[in-house]
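A.B. asks: Have a look at this prediction, sequence included:
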Amino acid sequence: MASDDLDANQGGNKDKKTYHKKATGDALETVKKHSKDDDLKLFGSCFCPFVQRVWISLEVKQIPYQYIEVDVYRKPQSLLEVNPRGLVPALRHGDWGCYESTVLMEYLEDLNAGMPLLPKHPQARAHCRLWSDHINRHIIPGFYRFLQEQDQSKQVQYAEELKTEISKLVDAADPHGPFFLGQNMSFTDIQLAPWIIRLNRVLKPYRGWPEPEPDTRWAKWVKAVEENEYVRATTSTDELYLDSYERYAENRPNTSVLASAVNGGRGLP
């Protein structure tokens with residue numbers, strides 16, 4: 001393999017795993033169903049959890065859309081026209097475009113199409129947004145901090161910190177569940193769902209993340225997310241995640257803007 005064919009995060013070593021550039025499994029079938037041109041276009045990358053948030057939202061709401069797989073490390077002009085930073089997810093709706101996963105989820109909610117993901121009551125909506133913010137400020141950076149850390153003693157520390165932040169979220173959820181607000185998946189669940197998927201497929205093999213303790217509220221939540229039809233429809237095979245996150249687990253240079261932010265002690269970029 002020529003050096004020009006290697007991804008920057010492989011460090012010139014063809015034996016290093018790199019990110020996948022095409023969905024697999026159930027997610028691939030969903031891509032095929034949404035390959036035709038549509039006024040609403042989702043630019044995504046199959047391995048990206050932030051993309052999966054918006055993708056799940058579209059599937060839950062059953063809003064027509066076109067899925068466009070892009071290589072964010074070789075940014076196409078069509079993506080840059082929507083997001084000059086060249087990051088995914090990005091959404092083009094007619095001649096308008098926007099980006100950032102939480103903003104895009106809010107936009108889809110404001111279209112008033114399909115099943116609402118936020119409750120009607122203003123205080124309940126604020127509750128969902130507050131704990132979505134907790135996910136973005138604490139759980140997601142904690143996930144990557146733990147995954148990228150190479151020192152085993154610090155890994156133990158970061159694992160405990162991540163468990164603590166997840167426990168705070170669980171304590172704020174409906175006590176019966178199985179989802180955050182009760183029986184139905186909502187905005188906050190979708191904010192977290194891609195990382196629930198990656199706890200088992202990434203943190204477990206690379207960092208020994210434990211299975212949820214049986215019969216706990218957290219175990220019930222994880223099971224409900226894993227079995228949800230819309231989450232499954234946007235989830236690829238385990239190999240895709242194992243390969244795509246090896247670069248994070250080894251904390252390689254040029255892994256991602258997110259990895260660099262975490263290494264620099266900053267929040268989500």
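C.D. replies: All right, it came through fine.
A.B. asks: domains of this protein?
C.D. replies: What automatic domain parsing lists as the domains of the chain is 17-110, 122-263.
A.B. asks: low-scoring stretches of this protein, by residue?
C.D. replies: For the chain, the stretches with pLDDT under 70 are 1-4.
A.B. asks: Tell me which residues touch residue 22, please.
C.D. replies: Contact analysis of residue 22 by Cβ atoms under 8 Å, 6 or more residues apart in numbering lists 28, 46, 69. Every residue, glycine included, has its C-beta placed from N, CA and C.
A.B. asks: sorry, back to before: let's have the domains of the chain in JSON lines, adding distance to residue 5.
C.D. replies: Shown next, in JSON lines, are the domains of the chain (distance: least, Cβ to Cβ, whole Å):
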{"stretch": "domain 17-110", "distance to residue 5": "11"}
{"stretch": "domain 122-263", "distance to residue 5": "15"}
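A.B. asks: about what we covered before: return the member of the contacts of residue 22 nearest to residue 244.
C.D. replies: Taking Cβ to Cβ as the measure, residue 46 is the one of these closest to residue 244, at 8.1 Å.
A.B. asks: Show the contacting residues for that closest one.
C.D. replies: Contacts of residue 46 (Cβ under 8 Å, 6+ apart): 20-24, 27, 31, 69, 236, 240.
A.B. asks: wait, isn't residue 233 in contact with residue 28?
C.D. replies: No. Residue 233 lies out of contact with residue 28 (Cβ atoms under 8 Å); the separation is 10.4 Å.
A.B. asks: Inside strands: which ones of the contacts of residue 22?
C.D. replies: Here DSSP state E is the test, and the contacts of residue 22 give residue 69 as lying in strands.
A.B. asks: Just send the contacts of residue 22 back as JSON lines, with distance to residue 165 too.
C.D. replies: Output for the contacts of residue 22, formatted as JSON lines (distance: Cβ to Cβ, whole Å):
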{"residue": "28", "distance to residue 165": "32"}
{"residue": "46", "distance to residue 165": "27"}
{"residue": "69", "distance to residue 165": "32"}
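A.B. asks: quick one: which of the contacts of residue 22 is nearest to residue 126?
C.D. replies: residue 46 (33.3 Å).
A.B. asks: Contacts only, for the nearest residue to that closest one once chain neighbours are set aside.
C.D. replies: Nearest residue to residue 46 in three dimensions, chain neighbours excluded: residue 23, at 3.9 Å (Cβ to Cβ, 6 or more residues apart in numbering). By Cβ under 8 Å, 6+ apart, the residues touching residue 23 are 30-31, 46, 69, 236, 240.
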